[in-house]
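Visitor: mind looking at a prediction? Sequence and model below.
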Amino acid sequence: MREHPIIFSASSVRAIFDGTKTQTRRPLKNKNKCPYGVVGDRLWVRETWKATGLFAWCSIESTKACERFVYKADNTQPDRDKHLKWRPSIHMPRWASRIMLEITDIRLEWLRSITPRDAMHEGFQSTNDFCVAWDSVYSKTKFSWDENPAVRVITFRTE
C-alpha cells in the first residue's frame, strides 16, 4: 500500500466530512499510469490552510513543530488571523494533512457519462451542479464539459 497526494477544494473537503463525497473524477492525462495509485492505496488530502497567531509568519517547518494552523474548509479561523493569507493546497506538506482516504475502485469513463447517482457521490445534488463545478476549473482547457474528456473515476472511503 502506497500513499499519494490529492488536492480537494474546501467544498469537497466539507462533502467528504459530511459523507456525501465518496468519488472524484480527474482528467485522464496519462493513460499508462494512474498518479493516484491503485485500489488499496491511500490518498492524503491537500487542502487550503494557514498557520495562525504568532506562527503565521513562520516557515512551514517551524509551523509543523507547533501544529498551529487552520483549514479553509472549516471556516473557523480566529478573527485576529483573518488578514493572513491562506496557503495554497498544492503547498500543503504531508504532515499537515488531516484526511486519509482509501481507494476502493478506479475506472475510466467519459466525463459526461456521469449518472445522477454518481453526481451525488461526487457531493453534488445533480449532474448539472457537477457540470458547473467541473467547468469552473476546466472550462478553458481541453478537459471542459463540452469536450467530454476521458476521466478517472476514483471511489474512496475515509479512514
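Guide: Arrived safely.
Visitor: the biggest helix by length in the chain - contacts with which helices or strands?
Guide: When secondary structure is assigned using DSSP state H, the longest helix within the chain turns out to be helix 127-138. Helices and strands touching helix 127-138, by 3 or more Cβ pairs under 8 Å, 6 or more residues apart in numbering; DSSP states H and E, are helix 116-121. Quick note: C-beta positions are derived from backbone N, CA and C, even for glycine.
Visitor: quick one: the helix it packs on to chain centroid distance?
Guide: Taking Cα atoms, centre = their mean, to the nearest Å, one finds the center of helix 116-121 at 17 Å from the center of the full chain.
Visitor: same question for stretch 85-101.
Guide: Here the centre of mass of C-alpha atoms in stretch 85-101, compared against the chain's by Cα atoms, centre = their mean, lies 10 Å away.
Visitor: in PDB, could you pull the C-alpha coordinates for whatever helix or strand comes next after the longest helix of the chain?
Guide: Toward the C-terminal end, the helix or strand that comes next after helix 127-138 (DSSP states H and E) is strand 150-158. Presented in PDB, the C-alpha positions along strand 150-158 are these (Å, rounded to 0.1, in the frame of the first residue of the first chain):
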ATOM      1  CA  ALA A 150     -11.900  10.600 -20.600                       C
ATOM      2  CA  VAL A 151     -11.600  10.700 -16.800                       C
ATOM      3  CA  ARG A 152     -10.500   8.500 -14.000                       C
ATOM      4  CA  VAL A 153     -13.300   7.900 -11.500                       C
ATOM      5  CA  ILE A 154     -11.700   7.200  -8.100                       C
ATOM      6  CA  THR A 155     -14.000   5.800  -5.500                       C
ATOM      7  CA  PHE A 156     -12.800   6.000  -1.900                       C
ATOM      8  CA  ARG A 157     -13.700   5.700   1.800                       C
ATOM      9  CA  THR A 158     -12.400   7.700   4.700                       C
END
